[in-house]
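S.K.: my questions are about this predicted structure, shown below with the sequence.
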Amino acid sequence: MAVHDFNSQRLWLDVPLVGDGEHALSRDQANYVRNVLRLGDGAEILVFNGQDGEWRTRVALHGKRDCVLKFHHQTRPQTAPGSLIYMFAPLKRARLDYMVQKAVEMGVGQLWPVLTRRTVAERVNLDRMRANAIEAAEQCGILSIPEIEVPEPLPARLARWPATVPLVFCDEGAAITDPVAALEALKANINEKQGDGPDKCPVGILIGPEGGFDGDERAILRSKPFVTAISLGPRVMRADTAAVAALALVNAVLGDWS
């Protein structure tokens, strides 16, 4: 396994990465490298694009504003995206930023906003979500950028959910109050059906809005055979806190922490 370099700055590029190639940065990226990161001519920076692994590049400054990155060698091969699918009711601006960043840091491979009856955010800025996902990946040595889906009403999304993919539903009224016990039972069921191989089965996690799901939404969720309800304990959590707690639990029992 390649060792992460946490001392070098990282930058996401939307271009193919190849040996002996080079890339002229956009004006905004050049300003970021020159004036925010304060990298001088000949400095090194790691780059990735979510497809071609991570590459070490050297900075070549041109004039007062332009900057070219010259690819030197690959430091890490591309890794597969995370197997977690995170489905959530969007929050308002700053808290949605936080939630997206934490989800990326914890290995989510797909972000699926869903609209519920108590969703507080009227609009979802997908470009802003992607920018936050990229920033989290840059800062944490992650090589894949999660796919971000267009928001969709919860019933429509559930109707299209793959029946073979388990969906963990965070519900304060879950029959089993111990979330680890509920997830261990789900794990046993997955292993019985698919075997305990090296590849992790995709798993979805659903976090509701601040006011929680209404009765009809909860009834729909409980009627689906692929849904497992888990409790997050006796305390009431904000949705962004609940996201971190749920992702940690699922990663520990079903994800790549186990």
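M.R.: Sure thing, it's come through.

S.K.: and the helix or strand hosting residue 137, which residues are buried?
M.R.: If you go by DSSP states H and E, residue 137 is part of helix 126-140. By 16 or more other CB atoms under 10 Å, the buried positions in helix 126-140 come out as 129, 130, 132, 133, 134, 136, 137, 138. Heads up, the C-betas are built off the backbone N, CA and C, glycines and all.

S.K.: output those as TSV; include the columns pLDDT.
M.R.: Below are these laid out as TSV (pLDDT from 0 to 100):
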residue	pLDDT
129	96
130	97
132	96
133	97
134	96
136	96
137	96
138	95
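
S.K.: output those residues in CSV, with distance to residue 224 appended to each entry.
M.R.: What follows is those, written out as CSV (distance: CB to CB, whole Å):
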residue, distance to residue 224
129, 26
130, 29
132, 30
133, 28
134, 33
136, 30
137, 32
138, 37
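
S.K.: now the residue nearest to residue 59 when sequence neighbours are not counted: how far from residue 175?
M.R.: Leaving aside its sequence neighbours, residue 59 sits nearest to residue 43 (CB to CB, 6 or more residues apart in numbering; 4.6 Å). Separation of residue 43 from residue 175 (CB to CB, to the nearest Å) stands at 57 Å.

S.K.: which of those two has more residues huddled nearby?
M.R.: Between residue 43 and residue 175, counted using other CB atoms under 10 Å, residue 43 has the larger neighbour count: 17 against 9.

S.K.: pull the residues that contact stretch 4-15.
M.R.: Identification of contacts with stretch 4-15 by CB atoms under 8 Å, 6 or more residues apart in numbering yields 23, 29, 32-33, 37, 39, 44-50, 54, 56, 69, 75-76, 134, 137-139, 141, 145.

S.K.: and the lowest-mean-pLDDT helix or strand in the chain, what's buried?
M.R.: Ranking every helix and strand in the chain by mean pLDDT, DSSP states H and E puts helix 179-194 at the bottom, with a mean of 90. Along helix 179-194, these residues count as buried under the neighbour rule (16+ other CB under 10 Å): 179, 182, 183, 186, 187, 190.

S.K.: contacts only, for the third one.
M.R.: Taking CB under 8 Å, 6+ apart as the definition of contact, the neighbours of residue 183 are 168, 228, 230, 249, 250, 253, 254.

S.K.: ok, residue 81 next?
M.R.: 109, 110, 144, 146, 147 are the contacts of residue 81 under CB under 8 Å, 6+ apart.

S.K.: for residue 107, see how far away it is.
M.R.: Taken as CB to CB, the span from residue 81 to residue 107 is 9 Å.

S.K.: cool, and residue 97?
M.R.: Distance of residue 97 to residue 107, given as CB to CB: 18 Å.

S.K.: who touches the next helix or strand after the least confident helix or strand of the chain?
M.R.: Once helix 179-194 ends, the next helix or strand along the chain (criterion: DSSP H and E) is strand 203-207. The contact list for strand 203-207 (CB under 8 Å, 6+ apart) reads 83-89, 112, 114, 161, 165-170, 221, 239, 242-243, 246-247, 250, 254-255.
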